[in-house]
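In: Structure of the sequence below:
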Amino acid sequence: MVAVPPDSNNVNTKNVDNRRKNRRRSGQRITTTTFGNSSRRGMTISYLLLFVVAAVLGTIVELSSTFATTTSVTEGFQNSGKKGTFFFVDAFSSSSPISSSSLCRSLVPSSFISNRKHKRRTRRKRATILEMADDVASSNEQQQQSTATEEILSDTKEKLQSPRNKKQQLQTNSSSSNTTNTADSVTKNNNKQKKTEQHREPCNVVFTHTNADFDSLAAAVALSLLWSSSKGNDGDDTDHRLNDLPTHVVLPRGTNPIVQRFLAFHKHLLPLRGFKTILPEDVHAIGVVDAQNSARIGRGQAWLEYAKSIHIYDHHDGEQEPSQDNKKENNNNKIEKGSEDDKKSSPLLLLDRATSVNIEKVGSTTTLLVEKLRDAGIQPAPHEATLFCLGIRADTGGLVYESTTLRDAAALLWCMEQGASQAAISEFGIAKMASEAQREVLREALKHTQTKVVHGLRVSSVLVGENNNNHDNNNNNNNKNGDKNNKDKNSGGSNQGYVAGLAQVCEEIMDLTDSDVFVMGATSGRKKNKNSGNNQKGNGGSGGTKWISLIGRASARAVGVDLNYVMSRFQGGGHPKAAAAALRCASSDNESNSVEQTNDEDAVVELANSGNLSPSKALDVAVKMIENQIPKQLVASSFMTTNFVSVGTNCTIEDALNIFTKNGLKSAPIIDDSNGGKYKSSLKLSDIVKAVQAGRSGDKVKGMIRTQGVKTVLPDTDLSELERLLIHEGVGRIPVIDDEGVLLGIITRTDVLRQHHFYDDLLG
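Out: Presented below is the predicted three-dimensional model:
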């Protein structure tokens with residue numbers, strides 16, 4: 001049996017023609033070696049005879065292989081992988097392939113074989129091309145044969161199966177598939193677990209609060225430096241692995257704009273990591289700085305149950321301390337895992353579960369950690385010392401806030417000594433309204449800010465992010481129908497998105513409006529869904545989920561105002577003079593009517609926290625709580641000086657000079673001795689000296705009475721009016737008289753200073 005070799009003329013013709021052209025150009029002799037174009041007819045006939053002989057021999061071989069099985073021949077043909085191959089089958093041995101070229105060479109006499117090198121090269125190239133073509137054709141045929149065989153087998157199985165067999169087969173396949181999937185999932189989980197175990201990185205984590213400020217970030221970096229150092233010891237001896245593991249700082253959610261700008265330059269220098277880069281199972285200890293409420297660490301709440309110990313560092317006063325029983329359990333490092341309901345209902349869960357709590361009344365949390373670094377002898381890098389300075393300055397207002405202590409100043413000085421950059425502090429220490437969104441909010445807020453005087457304090461508020469007529473009408477308590485129309489108009493409209501850096505806007509407006517207390521409500525939320533329809537109800541109403549950010553600021557003059565308490569009622573917090581909160585709100589249509597029917601503060605706050613108040617109503621509730629904190633202003637009769645020295649109208653100038661010198665006075669009231677002690681005017685020491693020098697020592701004092709520019713007040717004049725006279729009128733001593741004009745007392749600058757408790761030596 002002869003297998004016809006594939007037609008290779010098309011493959012070799014171009015190569016032969018090219019070689020001919022090249023040889024003609026180079027002057028070489030042209031010799032044709034292919035069968036179809038040979039000029040030597042004798043050689044051609046000889047080779048043809050050889051092929052005939054090979055065919056005859058193939059026939060003989062086929063006849064002699066009758067004892068061999070057909071399978072062996074087929075397998076030999078398939079395993080050969082080449083077309084144009086002869087199989088010489090031996091009945092007593094396995095088949096062995098013999099190529100046609102080898103058979104021909106064995107039959108061709110040696111005289112026909114040329115020894116020229118170019119003929120050998122030609123044959124080798126030709127054989128290589130033939131083998132490549134054969135390999136491609138053979139692989140295609142094998143693939144087609146296997147595909148056809150599989151199709152035939154599948155069709156045969158389907159025909160032989162009955163419906164019952166088919167159903168059983170399907171069940172069997174389904175069960176086997178489920179078993180396979182289960183096994184695969186178990187295998188994947190095991191492989192994933194093995195990979196996780198191989199890449200375990202035990203570490204400590206320090207959380208800032210959400211929307212981190214400089215104090216929170218600086219305190220977190222300081223605690224990370226303390227735990228990472230072999231010298232560090234935060235005073236807790238229950239956890240001995242704190243210093244053996246690396247410590248990373250994680251920002252739960254966002255930063256304020258000035259901190260974000262600082263991180264753009266310094267992020268690579270700080271030990272910051274993201275949530276996705278740390279496995280909760282790897283967390284050994286958790287540190288929380290500048291926060292005591294678990295809600296303020298955002299996604300970090302889910303990691304609390306994995307921590308072996310929890311450490312809190314804060315300087316805010318006013319949140320509940322752990323109970324004695326809880327302290328005992330914490331000291332034994334026993335942290336119980338509460339239920340999900342407990343976690344949601346208890347805002348003090350973080351404080352209650354803490355292993356160690358470090359809360360001290362200082363101006364900045366960074367101060368607490370800087371003191372520990374200083375005591376441990378740990379020297380921060382210049383960029384770290386700069387960050388610590390920014391943290392202390394941020395929460396102390398550059399050492400001007402009322403909560404600033406001597407410890408804050410000492411910590412700030414130590415950081416400067418460690419190489420803090422004053423140029424960097426100047427660059428990043430002053431918050432600026434850099435974004436157009438902030439400036440737009442400022443312009444809108446200035447147009448709609450409402451101010452009223454409550455017990456002598458200017459209390460201002462504004463609602464931005466939606467139609468402000470709602471809040472204006474609520475404050476003025478008029479045009480109820482128009483107010484309702486405005487609310488209906490606003491509900492379902494698109495709200496302004498959240499704007500970062502509103503605290504800076506709030507402080508700017510407070511300065512521009514000369515307010516003692518300022519509260520801003522900024523609404524934000526998702527826009528209305530097109531597919532929601534008109535019947536969408538619940539929180540957010542037809543406009544989607546709506547939120548309001550309440551930001552409060554108060555000056556030092558706002559005695560008695562505690563913004564931290566007010567914002568903590570709305571699950572927020574901060575300082576007594578600076579605090580904030582965020583809560584979900586309802587649309588005007590879905591607002592609860594219960595708020596109009598109750599004056600109970602707890603009930604109203606519960607409605608607000610459950611999202612049943614509109615943004616304008618939520619702002620009104622917060623402002624009302626602040627107003628209730630403002631104490632009634634002192635009046636002149638409550639702190640005036642009644643033991644005063646006066647000069648009578650009939651007294652001489654020389655006698656008046658002696659009275660001034662004896663009592664060390666610079667000014668004294670003049671009263672009418674003959675008219676029941678009515679107030680006439682004030683006499684200054686400088687006027688008496690001038691009169692004596694002019695030789696008028698014997699003149700009466702009544703000749704020096706001035707009737708123009710005399711300022712007097714009644715006993716019920718409040719402190720704010722008295723301060724206005726001192727500041728704007730330039731009056732140093734204010735006489736207090738009754739309706740008849742009789743002098744009752746004197747208000748001095750010292751009396752006013754004493755009411756502000758500025759200096760301890762003035763008290764008493």
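In: Only C-alpha atoms from now on, for both contacts and neighbour counts.
Out: Will do.
In: Quick one, grab the pLDDT at residue 374.
Out: Per-residue pLDDT puts residue 374 at 95.
In: hang on, residue 415 packs against residue 385?
Out: Yes. Using CA atoms under 8 Å, residue 415 makes contact with residue 385 at a distance of 5.2 Å.
In: Tell me the helix or strand right after the helix or strand hosting residue 508.
Out: In this structure, residue 508 is located in helix 502-512 according to DSSP states H and E. Using DSSP H and E, the helix or strand that directly follows helix 502-512 along the chain is strand 517-525.
In: right, and the helix or strand after that next one?
Out: Following strand 517-525 toward the C-terminus (DSSP H and E): strand 546-554.
In: List the contacts of that next one.
Out: For strand 546-554, contacts defined as CA atoms under 8 Å, 6 or more residues apart in numbering pick out 502-503, 506-507, 510, 516-526, 539-540, 561, 563, 567, 577-587, 615, 619.
In: Now a ChimeraX select for only the buried ones of these.
Out: To isolate the buried members of the contacts of strand 546-554 in ChimeraX, using 16 or more other CA atoms under 10 Å:
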select :502,503,506,507,510,516,517,518,519,520,521,522,523,524,525,526,539,540,561,563,567,577,578,579,580,581,582,583,584,585,586,587,615,619
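In: where exactly do the strands run in the stretch 201-350 of the chain?
Out: 203-207, 247-250, 283-289, 309-314 (DSSP state E, counting those that start in this stretch).
In: What is the shortest one packed up against?
Out: So that's strand 247-250. Contacts defined by 3 or more CA pairs under 8 Å, 6 or more residues apart in numbering; DSSP states H and E place strand 247-250 against strand 203-207, helix 214-228.
In: so who does residue 242 touch?
Out: Counting by CA under 8 Å, 6+ apart, residue 242 touches 204, 227-228, 285.
In: Which one of these sits in the busiest neighbourhood?
Out: Counting neighbours by other CA atoms under 10 Å, the top entry in these is residue 204, with 26 neighbours.
In: what's that one in contact with, if anything?
Out: By CA under 8 Å, 6+ apart, the contact set of residue 204 is 242, 245-248, 283-287.
In: for the helix holding residue 508, packing partners?
Out: Using 3+ CA pairs under 8 Å, 6+ apart: helix 502-512 touches helix 436-448, strand 517-525, strand 546-554.
In: got the helices and strands packed on strand 247-250 as a markdown table, with distance to residue 272 and mean pLDDT columns?
Out: A markdown table is the format used below for those (distance: least, CA to CA, whole Å; pLDDT from 0 to 100):
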| stretch | distance to residue 272 | mean pLDDT |
| --- | --- | --- |
| strand 203-207 | 10 | 95 |
| helix 214-228 | 9 | 95 |
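In: can these go into a markdown table with extra columns for distance to residue 639?
Out: Shown next, in a markdown table, are these (distance: least, CA to CA, whole Å):
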| stretch | distance to residue 639 |
| --- | --- |
| strand 203-207 | 49 |
| helix 214-228 | 40 |
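In: Quick check, residue 523 in contact with residue 465.
Out: Yes. If you go by CA under 8 Å, residue 523 and residue 465 touch, sitting 5.0 Å apart.
In: which one of the contacts of residue 204 has the most neighbours?
Out: When neighbours are counted by other CA under 10 Å, residue 247 leads the contacts of residue 204 with 29 neighbours.
In: In contact with it, which residues?
Out: Contacts of residue 247 (CA under 8 Å, 6+ apart): 203-206, 224-225, 227-228, 271.
In: coming back round to it: and the angle from the helix holding residue 508 to strand 546-554?
Out: Our comparison of helix 502-512 with strand 546-554, counting by axes from the mean of the first three to the mean of the last three CA atoms, to 10 degrees, yields an angle of 50 degrees.
In: List of residues touching helix 502-512?
Out: Defining contact as CA under 8 Å, 6+ apart, one finds that helix 502-512 is touched by 431-433, 438-439, 441-442, 445-446, 516-520, 551-553.
In: Could I have the buried ones of the residues you listed as PyMOL selection syntax?
Out: Command for PyMOL, covering only those of these found buried under the criterion 16+ other CA under 10 Å:
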select buried, resi 431+433+438+441+442+445+516+517+518+519+520+551+552+553
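In: export the helices and strands packed on helix 502-512 to JSON lines and tack on distance to residue 638?
Out: As requested, the helices and strands packed on helix 502-512 are exported to JSON lines (distance: least, CA to CA, whole Å):
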{"stretch": "helix 436-448", "distance to residue 638": "37"}
{"stretch": "strand 517-525", "distance to residue 638": "25"}
{"stretch": "strand 546-554", "distance to residue 638": "25"}
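In: Now for the closest residue in space to residue 290 that isn't next to it in sequence: which residues touch it?
Out: Nearest non-adjacent residue to residue 290, counting by CA to CA, 6 or more residues apart in numbering: residue 314, 4.5 Å away. Listed by CA under 8 Å, 6+ apart, the contact set of residue 314 reads 289-292, 358-360, 365.
In: Mind picking the lowest-pLDDT entry from those?
Out: pLDDT across the contacts of residue 314 is at its lowest for residue 292, which sits at 86.
In: if I look at that residue, how far off is residue 410?
Out: Noted for residue 292: a distance of 25 Å to residue 410, by CA to CA, to the nearest Å.
In: And residue 731, its phi and psi?
Out: phi -90, psi 130 (degrees, to the nearest 10).
In: In stretch 611-631, which residues are buried?
Out: Judged by neighbour count using 16+ other CA under 10 Å, the buried positions of stretch 611-631 are 611-623, 625-627, 630.
In: In strands, which of these fall?
Out: Using DSSP state E, no member of those falls in strands.
In: any idea which helix or strand carries the nearest residue to residue 292 once chain neighbours are set aside?
Out: Closest residue to residue 292 apart from its sequence neighbours, by CA to CA, 6+ apart: residue 351 at 5.7 Å. Applying DSSP H and E as the criterion places residue 351 in helix 349-353.
In: Okay, now the sheet partners of the helix or strand that that helix is followed by, with direction.
Out: With elements assigned by DSSP H and E, the helix or strand that comes after helix 349-353 is strand 356-359. Strand 356-359 sits in its sheet next to strand 309-314 (parallel), going by DSSP bridges.
In: tell me the angle the strand it pairs with makes with helix 214-228.
Out: Going by the same axes, to 10 degrees, strand 309-314 makes 140 degrees with helix 214-228.
In: Extract the CA atoms of strand 309-314 and return them as CSV.
Out: The C-alpha trace of strand 309-314 is given here as CSV (Å, rounded to 0.1, in the frame of the first residue of the first chain):
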residue,chain,number,x,y,z
SER,A,309,-7.1,45.1,73.6
ILE,A,310,-8.7,48.5,73.0
HIS,A,311,-7.1,51.8,74.1
ILE,A,312,-8.8,55.2,74.1
TYR,A,313,-7.1,58.6,74.2
ASP,A,314,-9.2,61.7,74.3
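In: Next up, phi/psi of residue 686, please.
Out: Dihedral pair for residue 686: phi -60, psi -30, per degrees, to the nearest 10.
In: do the same with residue 706
Out: When read as degrees, to the nearest 10, the backbone of residue 706 gives phi -110, psi 130.
In: I figured it hits residue 679, correct?
Out: No. Using CA under 8 Å as the test, residue 706 is too far from residue 679 to be in contact (11.6 Å).
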